[in-house]
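>>> Build the 3D model from these lines:
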Amino acid sequence: MSRRVRRKVAKKGKEKVDYPEIDENLSLDDKGVLDWTKLPDDTVIQLFSCLNYRDRASLSSTCKTWRILGKSPCLWQVLDIRPHKCDASAAISLASRCENLQKLRFRGPESASAIIHLRAKNVKEISGDGCRKMTDATLSILAARHEALECLQIGPDFCERISSDAVKAIAICCPNLQKLRLSGVHEVDAEAINALAKNCQNLTDIGFIDCRKIDETALGNVASVRFLSIAGTTSIKWNLVLQQWSKLPHLIGLDVSRTDITPNIVSRFFSSSSSLKVLCALNCPALEEDVTFVSNTNHKGKVLLAVFTDILKGVATLFVDMPKDNSNIFLDLRKSKLDDIRNWLEWIISNSLLRVSESNPPGLDNFWLNQGATLLLSFMQSAQEEIRERAATALATFVVIDDENASIDVGRAEAVMRDGGIRLLLNLARSWREGLQSEAAKAIANLSVNANVAKAVAEEGGINILVHLAKSVNRMVAEEAAGGLWNLSVGEEHKNAIAEAGGVQALVDLIFKWSKSSGGEGVLERAAGALANLAADDKCSMEVASVGGVHALVTLARSCKVEGVQEQAARALANLAAHGDSNSNNAAVGQEAGALEALVQLTRAPHDGVRQEAAGALWNLSFDDRNREAIAAAGGVEALVALAHSCSNASRGLQERAAGALWGLSVSETNSIAIGREGGVGPLIVLARSDAEDVHETAAGALWNLAFNPGNALRIVEEGGVPALVHLCSSSVSKMARFMSALALTYMFDGRMDEIAMIGTSTESTSKSVSLDGARRMALKNIEAFVMTFSDPQAFSAAAASSAPAALTQVTESARIQEAGHLRCSGAEIGRFVTMLRNPSPTLKSCAAFALLQFTIPGGRHAAHHVSLLQNAGAPRVLRVAAAAAGAPLEAKIFARIVLRNLEHYQTGYSI
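Alright, predicted model coming up:
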């Protein structure tokens, strides 16, 4: 008994899901595995039909039986070579299968030149896109080799190199032509159009779209035309149009969308043309701005489709056999005598909606919300594959209002979601047609910029679909799917779901695959961007590292020269290194061969975004001791100082990361000295003057570290750093910036710099005269004022009069700077603050005690480390002396007592 595969249509709601049903009697072997070589012929053919042409041809080569079945004429009636590069050799290899080819789709002039080698002389329909560089010669040869052509469509890209000569060649070579649509032709003259009228007697559908000039009079000679589109065409002489085209005996539909047609011409055309049924005039400003015309609904029995009319209602009037309960003719898939009108309307309206979405003219928000989105969703269910693709592309485009900043129109996005668009897009993405997959994935990606849409995509199973598509061998499909995962991974709630669906592995695999191929830059940028978002999550970052993501991203940073890819690779490495002690990724990135050198090199890139992310990665990596020294050895000090010099007028993000990376490197005194000698003090002072909180805060941190070295401290004074630090100390809204500025000033004026200033070793210039006394007075005055802002007189008096813990706790809470708990000091730095407790300056004593309080508050990230350093330095004895000193300021005494209590807290904890 034969075992057959048949098509089964299952209804789910209003949708139809079409899939192959395989007879359950198919037998399995002892291991439960189906022997593919024993499948019945019709089953194999059915499976072959779900593959793209390359996979179908490849699978056909596995055995003799499948080679015969793989050449079955039913598999090769339609050929879409757009997803893959098709050169002459590829076309020749397919030629034996294409004898019965009926429909062919290609992309680009290179493929157009190659398809003549298919020897598909009987092909009836050819459609090409991406043909901006196609020439007259290529198009003429294409026509000459396919004389049986009935339909030729080249667009929607502007075919600027095609002229009337090619149109004339088409007319002569293709006498059976019924449909001709060309986009962006410079000029179609009378000779070419008359050749069409003379040689193509069955030509019923003409589209000269976005052309610069056409001969209106000659078009009136094509008596066979039923459908005519001149959408977007300029320099039209409307009086000639009126005179000539109104006499066309069979003209049913006319598309003048995106032209300068006037209300008067439309009205006269309706009156004079007896055959015309429908005129489409979308985005015609002269019509839309005429209030009288807009309000006029009497169109002499003709249907006008415009942004101010009810398009679906107007179309419905053309179909008398349409069920009364169906208000959307485009969703009525029943056969009708007027299918040609519906198909034409789908084509011209979807094309205009795509063009309008690309230009995004103002004033159409209401149209998109009330009609445009609904129309596009209707077209996504069209029986015509190219209409479904174009509708998805238009959906991906019309929601975007700022492509550079990835901003979308919330109202438009939610209109798509409200009308069931997410499920429709996901159904398209499930298609085995790669063109539909890529356009649907692009729309999903763009819409997912909106958090509500992203949530809906995830809830509808979109993450699994996108992960599956990211594994596609088709570049466009993989690229758009990776873009979807990039946008979805912005949401914290989606990161783990992407990882659980296998998204991390899929994205890393994309990098390994496409970094070895040309033309994959879009895939690489999106994959790296998605990994960068995922790496911001601790758990996901570990998975990125475990599946080879560090090596993949470093490979991109080292070898790829495309700015977008470099930027996202550096950002991903920065996020991988940002988890500190919670995982080992920071060390892993630093240990990856060539990683630090590549990032240092990227700080010299011409693009600000690349430099910013590279500096951010080096900043995060510098928290690891070994990385810090390795970065310096790789030339990081020189590169980052140069970056700080060059970014004074750059973005705040770049300034912050440049200062931050220098801050991270300057933790090492060796690096600190090198930064000073390399000229890093000056640009950091400039950045410290920034109004941006993040910028001057990181600059203050770097200057604090640099000021530990007496030579650098004098450089800061000499280069005007004291006023900058004083300003931050007194005026910044950031407590951390004020705190670190105060600490930098305490380092500079605790006496160690004086010896250097006296012998003049900090600079080769002997002409500078530095007034340290004036700078010291200014600094101490502002340090004192800073400390006093954390001194509540009432709380201090209560703490001084009582030994109760609650009094000290109140002072601690009012003085606490939350972010200071993340600072980590070395033994030398802690020792210096202990030494300051003995300094004769009351201000320095108070500030030193205040700093030690911040570093030892229980719960701080490095508090235990600081307590251990204090114990080793013998600080408890010094603190007790400071707390009891008769002449010390009250603030210093209270702060010292709190530090002693913090030490006791940890000592008690250790003993327990």
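
>>> Residue 560 contacts residue 520, doesn't it?
No: with contact defined as C-beta atoms under 8 Å, residue 560 does not count as touching residue 520 (9.7 Å). C-beta here means a position set from N, CA and C on the backbone, and glycine is covered the same way.

>>> any idea how far residue 889 is from residue 749?
17 Å (C-beta to C-beta, to the nearest Å).

>>> Equivalent analysis for residue 859, please.
Distance of residue 859 to residue 749, computed by C-beta to C-beta: 32 Å.

>>> What of residue 675?
Computed with C-beta to C-beta, the distance linking residue 675 and residue 749 is 21 Å.

>>> Run through the helices of the stretch 501-650 of the chain in chain order.
Secondary structure of the stretch 501-650 of the chain (DSSP state H, counting those that start in this stretch): helices at 503-514, 521-535, 538-546, 549-559, 563-576, 585-591, 595-602, 608-621, 625-633, 636-646.

>>> okay, now residue 553: neighbour count?
31 (other C-beta atoms under 10 Å).

>>> Enumerate every residue touching it.
511, 528, 531, 569, 572, 573, 576 (C-beta atoms under 8 Å, 6 or more residues apart in numbering).

>>> ranges for the helices of the stretch 1-150 of the chain?
Ranges of helices in the stretch 1-150 of the chain, per DSSP H, counting those that start in this stretch, are 41-48, 53-60, 64-69, 88-94, 109-114, 136-144.

>>> who does the first one touch, helix- and strand-wise?
Packing partners of helix 41-48 (3 or more C-beta pairs under 8 Å, 6 or more residues apart in numbering; DSSP states H and E): strand 5-12, strand 15-22, helix 53-60, helix 64-69.

>>> How many neighbouring residues does the closest residue to residue 286 other than its chain neighbours have?
In space, and not counting its chain neighbours, residue 286 is closest to residue 262: 4.9 Å by C-beta to C-beta, 6 or more residues apart in numbering. Residue 262: 15 surrounding residues under other C-beta under 10 Å.

>>> next one: residue 582
Using other C-beta under 10 Å, residue 582 has 12 other residues around it.

>>> residue boundaries of the strands in this protein?
Here the chain has its strands, by DSSP state E, at 5-12, 15-22, 78-80, 103-107, 125-129, 151-154, 179-183, 205-209, 227-229, 253-255, 278-280, 303-305, 400-402, 407-408.

>>> Pick the most buried one from these.
Among these, the stretch with the highest mean neighbour count (mean count of other C-beta atoms under 10 Å) is strand 253-255, at a mean of 26.

>>> List the contacts of it.
Strand 253-255 is contacted from outside by 207, 226-231, 245, 269, 276-280, 341, 344-345, 348, 352, using C-beta under 8 Å, 6+ apart.

>>> if we go to 6 Å?
In this structure, residues lying in contact with strand 253-255 by C-beta atoms under 6 Å, 6 or more residues apart in numbering are 227, 228, 229, 231, 278, 279, 280, 344, 348.

>>> and what of stretch 884-895?
Residues from elsewhere that reach stretch 884-895 (C-beta under 6 Å, 6+ apart): 787, 791, 796, 799, 811, 842, 845-846, 849-850, 853, 882-883.

>>> Cross these against helices and list the overlap.
Among the contacts of stretch 884-895, the ones falling in helices (DSSP state H) are 787, 796, 799, 811, 842, 845, 846, 849, 850, 853, 882, 883.

>>> Quick one: these as a markdown table, columns for pLDDT too.
Shown next, in a markdown table, are these (pLDDT from 0 to 100):
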| residue | pLDDT |
| --- | --- |
| 787 | 94 |
| 796 | 84 |
| 799 | 82 |
| 811 | 89 |
| 842 | 94 |
| 845 | 95 |
| 846 | 95 |
| 849 | 96 |
| 850 | 96 |
| 853 | 96 |
| 882 | 92 |
| 883 | 91 |
